[in-house]
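Q: Sequence below, structure please.
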Amino acid sequence: MAQVSGATQAPAAPPALSPFANPAPLGLVGFGLTTLLLSLTNANIIPPTSVPIVLALAIPFGGGCQVVAGLIAFRNGNTFAATAFTSYGAFWISFVMINTLFGAALPKDPTPMLGMYAFAWGIFTAYMFVASLAGSRAVSVVFLLLTLTFIALAIGFWGHDAAGNGWTNIGGWLGILTAVAAVYTSFADVANASFKRTVLPV
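A: Here you go, the predicted model:
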């Protein structure tokens, strides 16, 4: 027993460890790889006919794994990561639903609403970018690039761009940069956790 100011007191218990690992690397790589594939079509590097492959990845990885990462972040008390991963997981699920379940019900030229869809996500991403400035710079870079990606895609939809043209093409290239930044941050988090020291800066 320890004595504090003459009084006997039990030593403080060590802080409880979370039973969950850091979910950020999983959420980042799920987002990054799915974004990479979609952005390759927007940049016209691969044909838009390959979008069904993006949808297949978006369900379990871009959507599912990010929602799981978000729920673990809620459990760990990380408000930023919980909000980000759960929201972008839902984004990918909604993206699949737009392209499958509700695609037939869309008008022939739905670009105004799709522009608002992208712009709304741009607003959300912009305020998450501001919040990310309290954390690592690598994460801030991801959110800055993603904000620019959504804005470019929104302008492309409003301008009736086809994939690979104009602002949609710019959005595709920005999306590729976003994906690279997200995958790098995931890799850095995994490497630093595995080696238990800073191997790569974040």
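Q: Run a quick neighbour tally on I155.
A: The burial count assigned to I155 is 19, neighbours taken as other C-beta atoms under 10 Å. For every residue, glycine as well, the C-beta is placed using N, CA and C.
Q: mind listing what's buried in the helix or strand where it lies?
A: Secondary structure assignment for I155, by DSSP states H and E: helix 137-158. Judged by neighbour count using 16 or more other C-beta atoms under 10 Å, the buried positions of helix 137-158 are 138-158.
Q: packing partners for it?
A: Applying 3 or more C-beta pairs under 8 Å, 6 or more residues apart in numbering; DSSP states H and E, we find helix 137-158 packed against helix 24-42, helix 111-132, helix 166-195.
Q: How far off centre is the following helix or strand past the shortest one?
A: This means helix 24-42. Counting by DSSP H and E, the next helix or strand C-terminal to helix 24-42 is helix 51-57. Its chain's C-alpha centre and that of helix 51-57 lie 17 Å apart, by C-alpha atoms, centre = their mean, to the nearest Å.
Q: Which pLDDT value belongs to the most centrally placed residue in the chain?
A: Most central residue of the chain, judged by C-alpha distance to the mean C-alpha position with C-alpha atoms, centre = their mean, is F31 at 4.5 Å. Here the pLDDT value assigned to F31 is 98.
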